[in-house]
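In: Any chance you can model this:
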Amino acid sequence: MYFSVIIPVFNRPSEIKDLLQSLSQQDYNNFEVVIVEDGSEIICKGVVDEFKSRLEIQYFYIPNAGQGFARNFGMRKAKGEFFVLFDSDCIIPQSFLSSLFNAIQKRNLDAYGGPDTADSNFSILQKAMNYSMTSILTTGGIRGKLKDKSKYQARGYNMGLSKVAFLKSQGFVDPNKGEDIELSIRLKKMGFKLELVEEAYVYHNRKNTIWSFFKQGFSFGQNRINVSRYHSGALKIVHFMPLAFLLYWLMLLFSILVFPITNLFLLLGILIFASWKIAVFLHATFQNKSVLIGFLSIITSFGQLSAYGLGLMMEGIKKIFKG
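Out: The predicted model follows:
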């Protein structure tokens, strides 16, 4: 099977160097790389040229269109029979493409989604953010850890589809607002087989600051509402859990300011919230073998859940009143 690896880029030449370096070390070599420079002011062509002797690469520059439409452009230019999509801030394990090939063949997949994790050499903040994005105690329970692999909704940082599936679906219909989830739902409705491939994971080298990470969480909440504009069943009860988390701690804060501390209901609420934070600390500390990452994970997890819930609420109100 000949893969086409599609990578949209926006002002991130240093990330592309790390990504291409990891692709040049794959143990499966029947693939090309298609770089789509999405209106960047800081272009990566010089970096791409460094790898032309080690990888089969196509490079294109287009006016800024958004990552979904940049991926569509790349897939239209690609020569492969199966398209693999990565974000530019990913690093790919050496056995990724061989693992993916085996899964596609064994399970007869038309499309797939894969999980993300943190490499051992990532910073402590990156590892804390990764914990918040992947843990069962946050939103990670719906992001790459499903028992029923067919229920997975692929994310754009690590997903793919066959050329046949792309031609019939025409790819992404939105540039950057939950476009990956929308396409996942639409492919399944069209009868294509899309499943989670757990062994096809990537190292997600997030370069966020704490603030930009929370802003990203806010946009994820907005995106879930945007997807529901295309698919009425896209919103499930589980997607409202971050909103419930946000409202819970806001009501708890209000109660602390208004009611005596001896109020039993208030004390119970404080105990539940404190138990969650202790659970996050212990789980993150054990998983990463670092007390500091455990403490940071409380902050990143609290902010990520709250920001997602706020984004969901704000965009939901907008949808109700403006459609």
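
In: which parts of the helix or strand of the chain with the lowest mean pLDDT are buried?
Out: Ranked by mean pLDDT, DSSP states H and E, the helix or strand of the chain with the weakest confidence is helix 241-258, at a mean of 87. Applying a neighbour-count criterion of 16 or more other CB atoms under 10 Å, the buried positions in helix 241-258 are M241, P242, L243, F245, L246, W249, S255. C-beta coordinates here come from the backbone N, C-alpha and C atoms, glycine included.

In: just stretch 26-38 next, same as before
Out: Those would be Q26, Y28, F31, E32, V33, V34, I35, V36, E37, D38, for stretch 26-38 by 16+ other CB under 10 Å.

In: quick one: average confidence on it?
Out: Stretch 26-38 carries an average pLDDT of 97.

In: contacts for the helix or strand just after the least confident helix or strand of the chain?
Out: Next helix or strand after helix 241-258 toward the C-terminus (DSSP states H and E): helix 264-288. Contact partners of helix 264-288, identified using CB atoms under 8 Å, 6 or more residues apart in numbering, comprise 127-128, 131, 135, 137-138, 248-249, 251-252, 255-256, 259, 261, 291, 293-298, 301-302.

In: Nearest to R76 among the buried residues of helix 241-258?
Out: P242 (36.0 Å; CB to CB).

In: ok, the closest one touching F218?
Out: No - assessed by CB atoms under 8 Å, P242 is found out of contact with F218, at 10.5 Å.

In: Touching both of those two, which residues are there?
Out: Contacts common to P242 and F218, judged by CB under 8 Å, 6+ apart, are Y308.

In: Would you state the strands of the chain in chain order?
Out: Secondary structure of the chain (DSSP state E): strands at 3-9, 31-38, 57-62, 82-86, 90-91, 111-113, 116-117, 158-162, 194-196, 202-204.

In: Strand 82-86 and the second one, what's the angle between them?
Out: By that I understand strand 31-38. 50 degrees (axes from the mean of the first three to the mean of the last three CA atoms, to 10 degrees).

In: Find the residue at the geometric middle of the protein.
Out: Geometric centre of the chain, nearest residue: R155, 4.8 Å, by CA atoms, centre = their mean.

In: so who does the nearest residue to V84 once chain neighbours are set aside touch?
Out: Computed as CB to CB, 6 or more residues apart in numbering, the closest residue to V84 that is not its neighbour in sequence is G160, at 4.2 Å. Contact analysis of G160 by CB under 8 Å, 6+ apart lists F82, F83, V84, L85, L100, A111, Y112, A154.

In: Apply 6 Å and report the result again.
Out: F83, V84, L85, Y112 (CB atoms under 6 Å, 6 or more residues apart in numbering).

In: and the first one, bridged to which residues?
Out: What it means is F83. Applying DSSP bridges to F83 yields these beta-bridge partners: S4, L161.

In: again, but for the last one
Out: With DSSP bridges as the criterion, the beta-bridge partners of Y112 are G160, E195.

In: Buried residues, the longest helix that the chain contains. List them.
Out: Among the segments of the chain that qualify as a helix by DSSP state H, the longest is helix 291-322. By neighbour count on 16+ other CB under 10 Å, the buried set for helix 291-322 is 293-313, 315-316.
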